[in-house]
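Predicted model and sequence below, questions to follow.
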Amino acid sequence: MVNERTATRPSVDIPRLSHWLDRHDLPGGDGDLEVELISGGSQNLLYGLRSGAARLVLRAAPQHATTEQAAGMMREYRLVRALADTDVPHARARAATDDPAVLGSPFYVMDHIDGWSPTQGWAEPFATDLTTRAGLAVELVDGIARLSRVDWQARSLQGFGRPEGFHERQVDRWLSFLAAYRFRELPGLDVAADWLRGHRPRTYRPGIMHGDYQFANVMYAHDAPARLAAIVDWEMATVGDPLLDLGWALIAWPPEGDDMRHSRYLDLAGMPPRDDLLEHYATVSGRPVDDIDYYVVLARFKLAIVLEKTVARGKASVKGTDDPYAAAFDGIVLELLRKAAELSRSTNLK
């Protein structure tokens, strides 16, 4: 039986996919395969696969993927495979191919995670019992603390990133990125950039970092107490400084970030203060968090520059092709840079 659900999804040759699954001893290889698009567009595509009671997820590069996008998909698979048998919550990777003859672009298949995401609304009891939300934050930080402990060299991730000179190239790399589309003055940008150049961390131990770590990229198990079910969306992962993941997670965290209205996409009521999360991260990871302000400033600086590209594209677009995110990101960019500059001026880092 072949059941192609969701008519609007990009075309998938299900018999061909079923044959590929069979060659890898995965469910769905007997032809009893249902495929449903979960999300997709110009970025990566995500499909749910079902065969009887078995469920898997297929993550693919977009149709007509560029060479860079195709390589990125296989790079992501390499990272997720390297996490096998670690205590980092993730969806187990099962098999992958970069042969376009199967689906038209590289893809990999992983286990399905039965969980929920806060970006889709608070699940019960977290929606009504604010005391349970503290556990969500602790679990969020716990995930990257565990990730930072993984021995990336023992996991054959040499060459996966460029840990040498990681901090020395951050500011100029992102300013160069911005220069390609900058169209306006950005208050706070130069203040943050100058401060970051002069306050690089005193110690640095390379490790695996997710690269876009936030509530939007994790899933939780159902019911309380909170338990992190999986970290997802690894396309930005690299070997660098794992503490930047912590700074990224704390971009708008209370109490220092309480006045950030544009940058918060979740109600953080009930969440513990930043200092409690720093203590937990330090205990689990074994890494010092004394320089956390540097990482928060860098995270705000970097994210602002990334989002400004969408704002610039929206400003340059002709009527009828406006990016719906451009207007929303406008306020976020300015707020991130304002807060990056404020924190750099107020911190006691030497």
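Good, I have the coordinates.

just the strands in the protein please.
2-4, 33-39, 45-51, 54-60, 93-97, 107-111, 207-209, 218-220, 228-231, 238-240 (DSSP state E).

Quick one: closest of those to Gln120.
Taking C-beta to C-beta, strand 218-220 is the member of the strands of the chain nearest to Gln120, at 9.9 Å. For the C-beta atoms, the positions are set from N, CA and C on the backbone; glycine is no exception.

Pull the residues that contact that closest one.
Contact with strand 218-220 is made by 113, 115-118, 123, 136, 139-140, 143, 226-232, as judged by C-beta atoms under 8 Å, 6 or more residues apart in numbering.

Please apply the same query to stretch 83-102.
By C-beta under 8 Å, 6+ apart, stretch 83-102 touches 13, 16-17, 20, 24, 26, 56-57, 70, 73-74, 77, 80-81, 106-113, 143, 146-147, 150, 155, 228-232.

do you know how far the nearest residue to Trp174 once chain neighbours are set aside is from Met260?
Of all residues beyond its chain neighbours, the one nearest Trp174 is Ile305 (4.8 Å), with distances taken as C-beta to C-beta, 6 or more residues apart in numbering. For Ile305, the distance to Met260 equals 17 Å [C-beta to C-beta, to the nearest Å].

So which of these two has more stuff around it?
Ile305 (23 against 18; other C-beta atoms under 10 Å).

about what we covered before: please indicate which of the contacts of strand 218-220 are buried?
113, 115-116, 118, 123, 136, 139-140, 143, 226, 228-232 (16 or more other C-beta atoms under 10 Å).

Which member of those residues is positioned nearest Asp190?
Leu140 (31.8 Å).

how much space between the closest one and Ala54?
Taking C-beta to C-beta, one finds Leu140 at 29 Å from Ala54.

go on, Met260?
43 Å.

re the thing from before, compare the strands of the chain and give me the one nearest Ile292.
Using C-beta to C-beta, the strands of the chain put strand 207-209 closest to Ile292, at 14.7 Å.

Any chance you could list what contacts the closest one?
Contact partners of strand 207-209, identified using C-beta under 8 Å, 6+ apart, comprise 79, 82, 144, 147-150, 152, 157, 237-242, 244-245.

Check stretch 113-120 too.
57, 91, 123, 126, 136, 215-216, 218-222, 229-230, 232, 265-266.

What subset of these is buried?
Here, 16+ other C-beta under 10 Å leaves 57, 91, 123, 126, 136, 215, 218-221, 229-230, 232, 266 buried among those.

circling back: selection in PyMOL covering whichever of the contacts of stretch 83-102 are buried, please.
Buried residues within those, by 16+ other C-beta under 10 Å, are selected in PyMOL with:
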select buried, resi 17+20+26+56+57+70+73+77+80+81+106+107+108+109+110+113+143+146+147+150+155+228+229+230+231+232
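
what's the helix of greatest length in the chain packed up against?
In the chain, taking DSSP state H as the definition, the longest helix is helix 292-316. Packing partners of helix 292-316 (3 or more C-beta pairs under 8 Å, 6 or more residues apart in numbering; DSSP states H and E): helix 166-179, helix 189-198, helix 243-249, helix 326-346.

Redo those as a markdown table? Include mean neighbour count.
As requested, these are exported to a markdown table (neighbours: other C-beta atoms under 10 Å):
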| stretch | mean neighbour count |
| --- | --- |
| helix 166-179 | 15 |
| helix 189-198 | 18 |
| helix 243-249 | 26 |
| helix 326-346 | 20 |
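
how about a markdown table for those, with mean pLDDT and distance to Pro100 added?
As requested, the helices and strands packed on helix 292-316 are exported to a markdown table (pLDDT from 0 to 100; distance: least, C-beta to C-beta, whole Å):
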| stretch | mean pLDDT | distance to Pro100 |
| --- | --- | --- |
| helix 166-179 | 97 | 29 |
| helix 189-198 | 98 | 41 |
| helix 243-249 | 98 | 33 |
| helix 326-346 | 95 | 33 |
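
No more questions from me, cheers.
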